[in-house]
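Participant: Take this sequence and fold it.
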Amino acid sequence: MKRALKHATMRDCGRRCVYCATPLDLSLATLDHVFPLAHGGANAHGNLVTACGPCNRLKGDLLPHEFFARYPWAGANFVRYARAVHRSLKRNARRAVSLACAA
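Facilitator: I've put the predicted structure just below:
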């Protein structure tokens, strides 16, 4: 079941890390919860993206707006490559990148 979910998420994210845009193959990709489980996020398709190991560890259990405010480049890539996430998550990413760039 997890393997099928990983394949579907890889396809939805263009086979790239949604944070740094590095091309990924199945063996290097990790599943990341955009809204972390530690903060009440769901283990659902609209909350999962593919990320490389370093980016997944960098994000940790930060909320999306916290992560994208610290790393605007990650938010810009997220908006581009995370195609199947909930609209509200993408909207929050755009807002965080805009605020970070304005500061």
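
Participant: so His7 touches Ala29, yeah?
Facilitator: No. Taking contacts as CB atoms under 8 Å, His7 lies outside contact range of Ala29: 9.7 Å. For glycine as for every other residue, the C-beta is placed from the backbone atoms N, C-alpha and C.

Participant: Which residue of these two possesses the greater neighbour count?
Facilitator: In terms of neighbours (other CB atoms under 10 Å), Ala29 is the more surrounded of His7 and Ala29; the figures are 24 against 12.

Participant: For the chain, which segments count as strands?
Facilitator: Taking DSSP state E as the test, the strands found in the chain are 30-33, 48-51.

Participant: how about the ones you listed, which one is nearest Arg16?
Facilitator: Closest to Arg16 of the strands of the chain is strand 48-51 (CB to CB; 7.2 Å).

Participant: Out of the strands of the chain, which one sits most buried?
Facilitator: strand 48-51 (a mean of 27; mean count of other CB atoms under 10 Å).

Participant: Tell me which other helices or strands that one touches.
Facilitator: Counting contacts by 3 or more CB pairs under 8 Å, 6 or more residues apart in numbering; DSSP states H and E, strand 48-51 packs against helix 2-12, strand 30-33.

Participant: Among those, which one carries the weakest average confidence?
Facilitator: For the helices and strands packed on strand 48-51, mean pLDDT drops lowest on helix 2-12, to a mean of 89.

Participant: Can you give me the neighbour number for Ala76?
Facilitator: For Ala76, the count of nearby residues is 18 (other CB under 10 Å).

Participant: Give me the pLDDT value at it.
Facilitator: Listed pLDDT for Ala76 reads 88.

Participant: what residues are up against it?
Facilitator: By CB atoms under 8 Å, 6 or more residues apart in numbering, the residues touching Ala76 are Val97.

Participant: still on that earlier bit, so which of the strands of the chain gets nearest Leu62?
Facilitator: Counting by CB to CB, Leu62 lies closest to strand 30-33 out of the strands of the chain; the figure is 10.9 Å.

Participant: Mind exporting the C-alpha coordinates of the closest one to CSV?
Facilitator: Extracted in CSV, the C-alpha atoms of strand 30-33 (Å, rounded to 0.1, in the frame of the first residue of the first chain):
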residue,chain,number,x,y,z
THR,A,30,10.8,10.2,0.8
LEU,A,31,7.2,11.0,1.6
ASP,A,32,6.7,14.2,3.5
HIS,A,33,3.6,15.4,5.3
